[in-house]
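Colleague: next comes the sequence, and after it the predicted model I'd like to discuss.
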Amino acid sequence: MSENTRKIIIPGEIIVKGEEFLPGDGTEKRGQEIVALRYGLAEESNKLVKVIPLSGVYQPRRGNVVIGQVENINFNGWFLNIGAVDNGFLSLMEVPRYVNKDGLEEVMKIGDSVVVKIWSINKRGIDLSIKSRGLGKIEEGLIIKVNPNKVPRIIGKEGSMIKMIKDETGCNITVGQNGLIWIKGDKIENELYAKKAILFVAEKSFISGLTDEVKKWFESENKGGKK
């Protein structure tokens, strides 16, 4: 398997053989062999072998920015569905303003969408915060959903892919690690254009040379009078 090539692999399949290879996510070492533990795309880079799952639920990690929806409220805060097995909890203490305990619904009510950061994962659950810049309740724009495993390709190396989409569409875009993406533009047409571009990336995420493909896609769209 050559550097950075990808091929679809099934659980139990041998990806590579050799003492020099190290097992990464979704793999284990059995003797000289690296074996897949899940279905997905096998990738080898710098002798580290991993399997990128093609589907599945979001696996929360500390520090992730995600988009959640308020599902319940108690006296201490809000319970959010973030697409993981467990709901996340946003405490009153993690809101950057004073909130009256009787007025939680005035800040966020059931059904509201919120950009949050995971600051802790423990036995109690997933603790969320909106204390950093760019976090908080979503008031306008549109939210789309993609497979969480497509998120790294949508963001691109050092944010290159999402920057191109922002520049071409003129939209602000917040990509949640859980696969929910918030698009906010001056006009609904721009938001829909950004949505179309993101879905194109998600659909083609398995191909190499994706950046060039997306550039060509934008060129053809612009020729069609989209810009």
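Modeller: Cool, the structure landed.
Colleague: for stretch 73-88, output the C-alpha coordinates as PDB.
Modeller: Extracted C-alpha coordinates of stretch 73-88, given in PDB (Å, rounded to 0.1, in the frame of the first residue of the first chain):
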ATOM      1  CA  ILE A  73     -34.000  22.100  30.000                       C
ATOM      2  CA  ASN A  74     -33.600  21.900  33.700                       C
ATOM      3  CA  PHE A  75     -32.800  24.500  36.400                       C
ATOM      4  CA  ASN A  76     -29.000  24.200  35.800                       C
ATOM      5  CA  GLY A  77     -28.900  24.300  32.000                       C
ATOM      6  CA  TRP A  78     -29.700  22.800  28.600                       C
ATOM      7  CA  PHE A  79     -29.500  19.200  27.300                       C
ATOM      8  CA  LEU A  80     -28.400  19.200  23.600                       C
ATOM      9  CA  ASN A  81     -28.600  16.400  21.000                       C
ATOM     10  CA  ILE A  82     -25.100  16.600  19.300                       C
ATOM     11  CA  GLY A  83     -25.500  13.400  17.300                       C
ATOM     12  CA  ALA A  84     -23.500  11.300  19.700                       C
ATOM     13  CA  VAL A  85     -24.800   8.300  21.800                       C
ATOM     14  CA  ASP A  86     -25.100  10.600  24.800                       C
ATOM     15  CA  ASN A  87     -26.700  14.100  24.900                       C
ATOM     16  CA  GLY A  88     -24.400  17.000  25.900                       C
END
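Colleague: and it, what's its mean pLDDT?
Modeller: For stretch 73-88, mean pLDDT rounds to 93.
Colleague: list the buried residues of that stretch.
Modeller: 73, 77-80, 82-84, 87-88 (16 or more other C-beta atoms under 10 Å). In short, each C-beta sits where N, CA and C put it, glycine included.
Colleague: now, which of these sits nearest K50?
Modeller: Nearest to K50 among those is A84, at 20.5 Å by C-beta to C-beta.
Colleague: that closest one touches V57, doesn't it?
Modeller: Yes. Using C-beta atoms under 8 Å, A84 is in contact with V57, at 6.4 Å.
Colleague: possible to save the buried residues of stretch 73-88 as JSON lines with distance to G40 and secondary structure?
Modeller: What follows is the buried residues of stretch 73-88, written out as JSON lines (distance: C-beta to C-beta, whole Å; DSSP: H, G, I helix; E, B strand; the rest coil):
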{"residue": "I73", "distance to G40": "37", "secondary structure": "strand"}
{"residue": "G77", "distance to G40": "35", "secondary structure": "strand"}
{"residue": "W78", "distance to G40": "33", "secondary structure": "strand"}
{"residue": "F79", "distance to G40": "31", "secondary structure": "strand"}
{"residue": "L80", "distance to G40": "27", "secondary structure": "strand"}
{"residue": "I82", "distance to G40": "22", "secondary structure": "coil"}
{"residue": "G83", "distance to G40": "18", "secondary structure": "coil"}
{"residue": "A84", "distance to G40": "19", "secondary structure": "coil"}
{"residue": "N87", "distance to G40": "26", "secondary structure": "coil"}
{"residue": "G88", "distance to G40": "25", "secondary structure": "strand"}
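Colleague: if anything else comes up later, I'll come back, but that's it for now.
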